[in-house]
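Visitor: heads up, no residue letters with this:
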C-alpha cells in the first residue's frame, strides 16, 4: 500500500472513502482488531454504530458508520511514513506542521488546546484542524502523533 494521504479520497490509489468491508479486506486483508462503538450526535442523541478496523502493522484505523450504510468514512493514521502532498507530518513539532500545512495550501487551519481533564495521563493535547478539508492533526506534548481525515 502506498502511504499517501489523499484528502477527501482515502489512501493512495486504491483505498477510497465509500469502500465496503469486503473491498477493504481485498486491499488490506483482515484487520488486527475490530472495535464497535456508538457515537453521539451533536445534539447528544445516539447517531448509530461505528465500527473501527485497526491495522496496527500499518498504523491505520478505518471507521465505518451505520448511518453511512457501513462504508468507509474516516481514516486515522499514526505511522510516520505517511505523506500528505509529499510531506510527512507524524513526528513533527507543531510549528513545523503549521509551516507544512501552509506550504501545501491548507489555509483554513484552526488550533485548539484540549483541556487537561479530557486527557489521559496528564498529556498535553493540541489539535490543528481544517473544516474545509475535513482534516484533524493531533499533537501529544507538541509532537504530531496522529492524522485523521474523512470524505469531503
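Guide: Structure received. A quick note: this is a predicted structure, and the numbers were derived from the prediction, not measured.
Visitor: Touching, residue 132 and residue 108? I think so.
Guide: Yes - taking contacts as C-beta atoms under 8 Å, residue 132 lies within contact range of residue 108: 4.8 Å. (C-beta placed from N, C-alpha, C; glycine too.)
Visitor: what's the spacing between residue 127 and residue 9?
Guide: Using C-beta to C-beta, to the nearest Å, one gets 22 Å for the distance from residue 127 to residue 9.
Visitor: which helices and strands sit right next to the helix or strand of the chain with the lowest mean pLDDT?
Guide: Lowest by mean pLDDT, DSSP states H and E among the helices and strands of the chain is strand 33-40, with a mean of 83. Here strand 33-40 is seen to pack against strand 46-55 when contacts are counted using 3 or more C-beta pairs under 8 Å, 6 or more residues apart in numbering; DSSP states H and E.
Visitor: What residues does residue 70 make contact with?
Guide: Counting by C-beta atoms under 8 Å, 6 or more residues apart in numbering, residue 70 makes contact with 20, 21, 51, 64.
Visitor: Let me fix that, I meant to ask about residue 64.
Guide: By C-beta under 8 Å, 6+ apart, the neighbours of residue 64 are 21, 50, 51, 52, 53, 70, 71, 72, 73.
Visitor: Looking at those, state which has the most neighbours.
Guide: Tallying neighbours with other C-beta atoms under 10 Å puts residue 72 at the head of the contacts of residue 64, with 24 neighbours.
Visitor: number of nearby residues for the residue nearest to it when sequence neighbours are not counted?
Guide: Counting by C-beta to C-beta, 6 or more residues apart in numbering, residue 72 lies nearest to residue 19, which is 4.4 Å off, once chain neighbours are set aside. Neighbourhood size, residue 19 [other C-beta under 10 Å]: 20.
Visitor: for residue 36, same thing?
Guide: Around residue 36 there are 8 other residues, counting by other C-beta under 10 Å.
Visitor: any weak-confidence spans in this structure?
Guide: By pLDDT under 70, the weakly predicted segments of the chain are 39-47, 116-121.
Visitor: just to revisit the earlier point, in its sheet, what does the least confident helix or strand of the chain sit against?
Guide: Paired strands of strand 33-40, with direction, are strand 46-55 (antiparallel) (DSSP bridges).
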